[in-house]
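Undergrad: need a structure here:
(2 chains)
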Number of protein chains: 2
Amino acid sequence: MTPAATESPADLVVTGCAVLTHDDRERIGFAQDAAIVVRGGAVEEVTSAGAVAGRAAREWIDARGQVALPGLINCHTHAPMVALRGLAEDLPTEEWFNDVVWPVESNLTARDVELGALLACAEMIRGGVTCFADHYFAMDAVAAVVDGCGMRALLGEAFFSSQGAEGRERSLAFALRHRGAADGRITTALAPHAPYTVDDTDLAATARLAHEHGLPVHLHAAENRDQTEASLARHGVTPVEVLHRTGILDTDVLIAHGTGVVESDLPLLERASGRTAVATAPRGYLKFAWPHTTPVRALRDIGVPVGLATDGAASNNSLDVWESMALTSLIQKSTEGDPRWLTSRQALHHATLQSARAVGLGGGAGGIGSIAPGRRADLVLVDLTGPHTQPVHDLAATLVHSARAADVRTTIVDGRILMRDRELLTIDVPEVVRELGERLPALVDRSHGRRIQEYGT
Amino acid sequence: MTPAATESPADLVVTGCAVLTHDDRERIGFAQDAAIVVRGGAVEEVTSAGAVAGRAAREWIDARGQVALPGLINCHTHAPMVALRGLAEDLPTEEWFNDVVWPVESNLTARDVELGALLACAEMIRGGVTCFADHYFAMDAVAAVVDGCGMRALLGEAFFSSQGAEGRERSLAFALRHRGAADGRITTALAPHAPYTVDDTDLAATARLAHEHGLPVHLHAAENRDQTEASLARHGVTPVEVLHRTGILDTDVLIAHGTGVVESDLPLLERASGRTAVATAPRGYLKFAWPHTTPVRALRDIGVPVGLATDGAASNNSLDVWESMALTSLIQKSTEGDPRWLTSRQALHHATLQSARAVGLGGGAGGIGSIAPGRRADLVLVDLTGPHTQPVHDLAATLVHSARAADVRTTIVDGRILMRDRELLTIDVPEVVRELGERLPALVDRSHGRRIQEYGT
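TA: Numbering: from 1, shown residues only, chains lettered A, B, ... in the order given. Prediction:
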């Protein structure tokens, strides 16, 4: 206990719960009947419930029967696309893009994006997500939503080479304008769309800008095996080789999906001089019937962290990172043919420290992804008293395979309570749904025949 | 409207909701702003909200913003195994059986089974499940729980040939004793464990008893491809060929899993003279890293219904049939390499009429699986006002891919409300959890070295 802790009231004390911990080898454990003391938006202390009895605090949460976890991190999404949830069902990737999503996105307004982001943040806060990496358009609107609703986010303004130099410049201007905003809850990235929509010149320029301004890069690459095959056929190199030769792998890069990463890409990813990470969103790969999922085991073997993600709700139908955690475990076991692989503790490691590293927030003090002194107080309280989570023989398994997003009762970011006992405190969902509903007919109109880009891998 | 409807108050009116309907070709649709009138445990009328305004009813549910679906059906589970949830994690099938589950099951008492069944029924009612097909031991205790909690169930007392003739006789006695119990909510089946634990003589005797007493048969068969290979190596026939030659396929048979069904089995299943159905529980196949899932498309092509299931929570970790519905869609798309296959409407057809047929309750009046005059009033009300289920562009997709079990607000069986606004009305969960917790140390003790059976495919 620091002297300060006895001198002035803490901002928040959460007590009586189990707390997910990482030991010095990052192994997942659980402190029972524990307490968390929060001050100045950070975790000050993780101790026993007994040790905080009588402690003064501005807010006090009795969390008996609950488990405190680091808030989930959605490492790759397009939050405003919740507006298109269910609009393009049961389609192959190319038709999904060319016939529905890219035509509709040519109608997007900043207000649509703002309302979509609000709805998405409401969904994520209710599902225990405290931080998301967003890659979309009109991102000023998303930044305003993040500021207002209290979440944490890594934001990037997406661009295609078809937009000319202006797209790249807008992405940079956005990243510089919002970096460190919302009391530091917003970090930013340069956000080229993908190697199949952004040419080598633009990727190389992006890499230079990233170095010059100390910015990470967030992009799609090797999303599926078709893209890898098409890249080989057209350019003689894989998408990851494109990232290598354009210098993107020398930046701090977050690669979305990577289900098309092949064996020969692995040495490039391993030797990359920047901080390299991959985000996996397995639900969409199944729904699109892609033949592979993210090669998590191969990436682990070369030390590349794999964070959990949902992608946008237009393909994934939800922003349920809890489901991504369970599916990652299930699909990796199935893909590797090994029931001993991707245990619940491994899944929780992906959900916590690996996801934090993927969004560039894995570092010690000021980092997220673990509940420990000095880390930002981004955490969720999960109720395990429901019949579907009883009895508990193995708490990690209960969390990954039995609990669901709806079991999150309380969501806290930077020490601020954004949802308490399932009540959202910062977003008015009925009002958002009402206004978005009014705007949908104009948003989904495809009679104009325009699209923002053409998909052809 | 029948004259009776105007003469005496209905038992229940649910109004203002969308209602999932099947047309005369069994295509899924939704009646908007509709109402359901229930009398004598059956659906009397599906009409418009306007048409029931002012109607007299003993119970009245204003379900605006909700969707009424036929209650989900868990077509294959071992409900009491919730007591072992999380006890045997990340293990191959053989170790799961031989090292944990079968040793622990040698400790089972009727009271353990009863408490497990109570907890399981609480979980299922909360997840929108109104009927389950259970295959376990000490089933008198499960029947008592079903009677008390108000669910519907197809129950079978499991047996192995290692128990001698007594096992089979007990299974028959159970089936005859409980058939039609709980005001008709309980139906029964003969329940040999599987062709790898029940020999041909016993299977043939089971088939004869099924015919003699007009009982269906519920068993595991061709659970995975290893079992099929082992059966071919040892007996020169597949498990389905065993079912054929022992006469089981001439009975009304519910086959659990069938991921080891091979091409040559299909004509046997197609020509089976009994009512043949398969239950699929895809989560466990992934978790055990089995190389295949249930061949839903091939079974559809030969007219065999495939119902949704969870298996027991010791392998599946939950009894979440909603998740099985979503996973069936996702895994079937992935397995078939076809994003257009197993659409949300197909998934809902599996969840409703195909599941009802699988448990032998597909028939017209008195059947379940659709909300239509004369069908039993087994239905659930699902809240779609949450941010994760908005906006709704395609209601079927919203239900299958965005909604979750926790969105079920109200669960009704035979016209009786078992959960209202997420409050369970027939089971005291904290008391069940408390007593089960006291019994767990004795239940999970494996120091005796016994097991109820040996797994070796």
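
Undergrad: rest of the way, CA atoms for contacts and neighbours
TA: Fine.

Undergrad: Next to chain B, which bits of the stretch 1-150 of chain A? Give me the list.
TA: Applying C-alpha under 8 Å from any C-alpha of the partner chain, one finds that the stretch 1-150 of chain A approaches chain B through A:82-87, A:89-92, A:119-120, A:122-123.

Undergrad: any chance of those residues in JSON lines, with distance to A:T206 and pLDDT too?
TA: Shown next, in JSON lines, are those (distance: C-alpha to C-alpha, whole Å; pLDDT from 0 to 100):
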{"residue": "A:V82", "distance to A:T206": "28", "pLDDT": "98"}
{"residue": "A:A83", "distance to A:T206": "30", "pLDDT": "97"}
{"residue": "A:L84", "distance to A:T206": "29", "pLDDT": "97"}
{"residue": "A:R85", "distance to A:T206": "31", "pLDDT": "97"}
{"residue": "A:G86", "distance to A:T206": "34", "pLDDT": "97"}
{"residue": "A:L87", "distance to A:T206": "33", "pLDDT": "96"}
{"residue": "A:E89", "distance to A:T206": "34", "pLDDT": "97"}
{"residue": "A:D90", "distance to A:T206": "35", "pLDDT": "96"}
{"residue": "A:L91", "distance to A:T206": "32", "pLDDT": "96"}
{"residue": "A:P92", "distance to A:T206": "30", "pLDDT": "95"}
{"residue": "A:L119", "distance to A:T206": "31", "pLDDT": "98"}
{"residue": "A:A120", "distance to A:T206": "28", "pLDDT": "98"}
{"residue": "A:A122", "distance to A:T206": "32", "pLDDT": "98"}
{"residue": "A:E123", "distance to A:T206": "32", "pLDDT": "98"}
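
Undergrad: neighbours around the residue of the stretch 301-450 of chain A found nearest chain B, how many?
TA: Taking C-alpha to the nearest C-alpha as the measure, the point where the stretch 301-450 of chain A comes nearest chain B is A:S334, at 4.2 Å. Neighbour count for A:S334, taken as other C-alpha atoms under 10 Å in any protein chain shown: 21.

Undergrad: Quick check: it vs A:H401, distance?
TA: Plainly put, A:S334 is 15 Å away from A:H401 if you go by C-alpha to C-alpha, to the nearest Å.

Undergrad: before we move on, what about A:A117?
TA: Between A:A117 and A:H401 the computed distance is 28 Å (C-alpha to C-alpha).

Undergrad: thinking again about what came up before, the residues of the stretch 1-150 of chain A next to chain B in helices, which ones?
TA: In this view, the residues of the stretch 1-150 of chain A next to chain B that belong to helices under DSSP state H are A:119-120, A:122-123.

Undergrad: Got the phi and psi for the nearest residue to A:R283 once chain neighbours are set aside?
TA: Once flanking residues are discounted, A:R283 sits nearest to A:N316: 6.1 Å by C-alpha to C-alpha, 6 or more residues apart in numbering or on different chains. Note on A:N316: backbone dihedrals following degrees, to the nearest 10 are phi -90, psi -20.

Undergrad: Make sure A:N316 is actually in contact with A:A309.
TA: No: using C-alpha atoms under 8 Å, A:N316 makes no contact with A:A309, being 10.0 Å away.

Undergrad: neighbour count winner among these two?
TA: Neighbours per residue, other C-alpha under 10 Å: of A:N316 and A:A309, the larger number sits with A:A309, 33 against 26.

Undergrad: Next, the contact list for the residue of the stretch 301-450 of chain A closest to chain B, please.
TA: A:S334 makes contact with B:285-291, according to C-alpha atoms under 8 Å, 6 or more residues apart in numbering or on different chains.

Undergrad: could you redo the last one with a cut-off of 6 Å?
TA: A:S334 makes contacts with B:286, B:289, as judged by C-alpha atoms under 6 Å, 6 or more residues apart in numbering or on different chains.

Undergrad: Looking at it now. What's its pLDDT?
TA: At A:S334, the model reports a pLDDT of 98.

Undergrad: Quick check on it: phi, psi?
TA: Residue torsions, per degrees, to the nearest 10, at A:S334 are phi -60, psi -50.

Undergrad: Most neighbours among the ones in helices among the residues of the stretch 1-150 of chain A next to chain B, which one?
TA: When neighbours are counted by other C-alpha under 10 Å, A:L119 leads those with 32 neighbours.

Undergrad: Ignoring the adjacent residues along the chain, who's closest to that one?
TA: B:P387 (5.9 Å).

Undergrad: The residue nearest the centre of chain A bridge partners, please.
TA: By C-alpha atoms, centre = their mean, chain A has its centre lying nearest to A:N74, at 1.8 Å. Beta bridges link A:N74 to A:F132, judged by DSSP bridges.

Undergrad: isn't it right next to A:F132, touching?
TA: Yes: between A:N74 and A:F132 there is a contact at 4.4 Å, judged by C-alpha atoms under 6 Å.

Undergrad: Can you pull out the low-pLDDT segments for chain A?
TA: Applying pLDDT under 70 to chain A flags residues A:1-6, A:457.

Undergrad: Mind doing that once more with 80?
TA: Within chain A, the stretches with pLDDT under 80 are A:1-7, A:364, A:457.

Undergrad: Please list the residues of the stretch 351-457 of chain A that sit near chain B.
TA: Counting by C-alpha under 6 Å from any C-alpha of the partner chain, the stretch 351-457 of chain A comes close to chain B at A:387-388, A:393-394, A:397, A:401-402.

Undergrad: how about a cut-off of 7 Å?
TA: A:387-388, A:391-394, A:397-398, A:401-402, A:406, A:429, A:433 (C-alpha under 7 Å from any C-alpha of the partner chain).

Undergrad: Go ahead and build a PyMOL selection from the buried members of the residues you listed.
TA: Selection command for PyMOL covering only the buried members of these, criterion 16 or more other C-alpha atoms under 10 Å in any protein chain shown:
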select buried, chain A and resi 387+388+391+392+393+397+398+401+402+406+429+433
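
Undergrad: Tell me the one of the residues of the stretch 351-457 of chain A next to chain B nearest A:L154?
TA: If you rank those by distance to A:L154 using C-alpha to C-alpha, A:V429 comes first, at 23.0 Å.

Undergrad: before we move on, which element is the nearest residue to A:G303 once chain neighbours are set aside in?
TA: When the adjacent residues along the chain are set aside, A:G303 lies closest to A:E270, with 7.1 Å between them (C-alpha to C-alpha, 6+ apart). According to DSSP states H and E, A:E270 maps onto helix A:266-271.

Undergrad: quick one: that helix to chain centroid distance?
TA: Remark: helix A:266-271 is offset 23 Å from the chain centroid, using C-alpha atoms, centre = their mean, to the nearest Å.
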